[in-house]
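**Q** have a look at this prediction, sequence included:
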Amino acid sequence: MANTIGINPSLTTNVVGSFSVQSNGFYQGEMLDDPAGRFSISTGALATTETLPMWAGVAIYEAIPTGGDSVLGSTIGRALSAANIAGFSILNQGSNGITTPQSSAPMFSAGMTVPYVRYGSENRVAVQCSAALASLDGGMSNQLVGWDLTNQQLIPYQTMAATLAITGLTWSGGVVSVTTTSAHGVSTGAYVTIAGAAPAGYNGVYQVTVTSTTTFTYLLATNPGSETTFGTAGAASAALPVKVLQILTGNSKTIVYDSVNNFANFTPTGNAALILI
């Protein structure tokens, strides 16, 4: 004999396609409600030079519009380096974003206005994050983190431990290839400072893609010209000026882009972090 009813009237289940495991999840690009937060939401026109549509939760640069005042606001686009990240695109007040039955995440094409929030606005924004950040759970909120500019997600911060002389420095098709005198010890996504190179257009702080133990590449849109001085590769101080408030892995709605069909859809099993910017 059992002294309990054979049903559980309090048990709840999830709708198919919604948050998995539990309902405690984030939407990528959502700015959490704040009494004054909406007053710091800005809008900018997506640059015509962008090669992809824009969606929420992307690190963006902000440029002063040419020709003086613009009713559409600043010109924005995907940041190409940690140094020129000005803020993040968001879902809030993005009612003009385009969705279709095949593409559930709102997208914005060149010339459309995109909502975003800037660094220093003290807003809480949910962004996609690497599963490796789960190790930060329970740690200090001001731990250093970086941003993966290719996959548009928060990642552990990494930089070079020592400064190395450069023995090869070439530009081709928007990519600079660097060769160091010895093993650099970094992995893809790390931040590196290039200094002392000539022409000076090679210098700066860049996020790198590792191609071997002594070589890596970084993106550089403009050709600085043939190198005359190699310079050095060393540690960078390009950690994001944000605080990590919460990390939820496996049950947040993050955006996956289908480059073949030009669709962007939410997946209910993504990893997301709530950051204070």
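**A** Yep, it's here.
**Q** contacts, neighbours, all on C-alpha from now
**A** OK.
**Q** where in the protein is pLDDT low?
**A** Across the chain, the ranges flagged by pLDDT under 70 are 1-23, 67-69, 237-238.
**Q** hmm, try it at 80
**A** In the predicted model of the chain, residues 1-24, 35, 66-72, 81-83, 135-137, 236-239 satisfy pLDDT under 80.
**Q** show me how it divides into domains.
**A** Per automatic domain parsing, the structural domains of the chain span 37-154+241-276, 164-233.
**Q** how far away from the center of its chain is the last one?
**A** Same thing as domain 164-233. Counting by CA atoms, centre = their mean, to the nearest Å, domain 164-233 is centred 21 Å from the centre of its parent chain.
**Q** could you do the first one as well?
**A** For domain 37-154+241-276, the gap between its own C-alpha mean and the chain's C-alpha mean amounts to 6 Å (CA atoms, centre = their mean).
**Q** got phi/psi on residue 267?
**A** When read as degrees, to the nearest 10, the backbone of residue 267 gives phi -110, psi 140.
**Q** I'd say it and residue 255 touch.
**A** Yes. Counting by CA atoms under 8 Å, residue 267 touches residue 255, with 6.2 Å between them.
**Q** for residue 59, which non-adjacent residue is spatially closest?
**A** Closest residue to residue 59 apart from its sequence neighbours, by CA to CA, 6 or more residues apart in numbering: residue 88 at 4.6 Å.
**Q** re the thing from before, reformat the domains of the chain as a markdown table; add distance to residue 29 and mean neighbour count.
**A** Below are the domains of the chain laid out as a markdown table (distance: least, CA to CA, whole Å; neighbours: other CA atoms under 10 Å):
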| stretch | distance to residue 29 | mean neighbour count |
| --- | --- | --- |
| domain 37-154+241-276 | 4 | 19 |
| domain 164-233 | 21 | 18 |
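**Q** out of those, which is closest to residue 27?
**A** Of all these, it is domain 37-154+241-276 that lies closest to residue 27, at 4.7 Å by CA to CA.
**Q** sorry, back to before: let me see the contact set for the residue nearest to residue 59.
**A** Residue 88 makes contact with 29, 56-60, 116-118, according to CA atoms under 8 Å, 6 or more residues apart in numbering.
**Q** from residue 219, how far off is residue 106?
**A** Note on residue 106: its distance to residue 219, by CA to CA, to the nearest Å, is 27 Å.
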